[in-house]
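Colleague: here's a sequence, model it:
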Amino acid sequence: IRRALNAIELAAVTTPSEQDGSVRITLEVAEESIRMPTIRADESTQYDVLSAFHKSVRGSSDAALFWFLYAVEKLGMDPMTFIRRLIVACSEDIGLANPQAMVQAVTAMDAYHKIGWPEAKYNIAQAILFAVESPKSNAAAVAIGNVMNAIEAAGSAEVPLHLRDAHYSGAQQLGHVGYQYPHNFPGHYVKQQYLPDKIRNKTFYEATQQGMEDKIRQNQERRNGR
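Modeller: Just a heads-up that it's a prediction; the model follows:
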């Protein structure tokens, strides 16, 4: 809005008046005043640009910044559209390889809400660059897919007796016993069944060797005795 008002003011003071004193601002005058050509992007083009942005977050800082600024400055798209996609990408494509990426993205969204455009472009650009340059992992996305497949295959799922609520009278008589409190064991971990009987041995999340997630992978291996 600020840019549009500045352009209108510039166009009005630099355009010769008509005989009746009015000022006729044509598209060409408006383009010159705003110092960039007007591009009318249809819905398909906007989706394509957003797709290019997300794909670029996975591999190119230069391209991610380009598509973001091109979309907002040239096509007039809402910065929030890209901030939302960035936040999703920080879990879908980066995840626990660098958990701080999502913190940066959410903070950029907060900055945008508080200070607005164009000043917030610096905060958003910082979050984009942080995300692109972070180690990548799609292990969280793969785990979600694995769980959803297991849910479809298993149908109903019964909670194991030792995981059921035992904080009421009669729980023991129903067999709600046997849960082992991990904090009472070395390393604050004890191996026990957490999944339903049908899929008790399934593994959904497998940490990668990327970034901070490698520490999780090593911890998983220790727990599994590998």
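Colleague: could you say which helix or strand holds Ile87?
Modeller: Element membership for Ile87 (DSSP states H and E) is helix 79-89.
Colleague: also Tyr112?
Modeller: Counting by DSSP H and E, Tyr112 is part of helix 100-115.
Colleague: any idea of the mean pLDDT for that helix?
Modeller: For helix 100-115, the mean per-residue pLDDT is 97.
Colleague: go on, stretch 146-165?
Modeller: With pLDDT averaged residue by residue, stretch 146-165 scores 93.
Colleague: pull out the buried positions in it.
Modeller: By 16 or more other Cβ atoms under 10 Å, the buried positions in stretch 146-165 come out as 150, 160. All C-beta spots, glycine's among them, are computed from the backbone N, C-alpha and C.
Colleague: contact partners of that stretch?
Modeller: 171, 174-180, 192-199, 202, 204-205 (Cβ atoms under 8 Å, 6 or more residues apart in numbering).
Colleague: can you give me the end-to-end span of it?
Modeller: Chord length of stretch 146-165, first to last residue, is 27 Å (Cα to Cα, to the nearest Å).
Colleague: ok, stretch 62-75 next?
Modeller: End-to-end distance for stretch 62-75, by Cα to Cα: 18 Å.
Colleague: same deal with stretch 179-191?
Modeller: Distance between the two ends of stretch 179-191: 11 Å, counting by Cα to Cα.
Colleague: and for stretch 86-94?
Modeller: End-to-end distance of stretch 86-94 (Cα to Cα): 11 Å.
Colleague: same question, stretch 111-130
Modeller: 16 Å.
Colleague: one step back: what residues of the helix holding Ile87 count as buried?
Modeller: Using 16+ other Cβ under 10 Å as the test for burial, helix 79-89 gives 79, 81-83, 85-87, 89.
Colleague: elements contacting it?
Modeller: For helix 79-89, the packing partners by 3 or more Cβ pairs under 8 Å, 6 or more residues apart in numbering; DSSP states H and E come out as helix 43-57, helix 100-115, helix 121-132.
Colleague: what's the angle between the second one and helix 43-57?
Modeller: Using axes from the mean of the first three to the mean of the last three Cα atoms, to 10 degrees, the direction of helix 100-115 lies 130 degrees away from that of helix 43-57.
Colleague: got the helices and strands packed on helix 79-89 as JSON lines, with mean neighbour count and distance to Leu69 columns?
Modeller: Shown next, in JSON lines, are the helices and strands packed on helix 79-89 (neighbours: other Cβ atoms under 10 Å; distance: least, Cβ to Cβ, whole Å):
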{"stretch": "helix 43-57", "mean neighbour count": "16", "distance to Leu69": "10"}
{"stretch": "helix 100-115", "mean neighbour count": "18", "distance to Leu69": "14"}
{"stretch": "helix 121-132", "mean neighbour count": "20", "distance to Leu69": "7"}
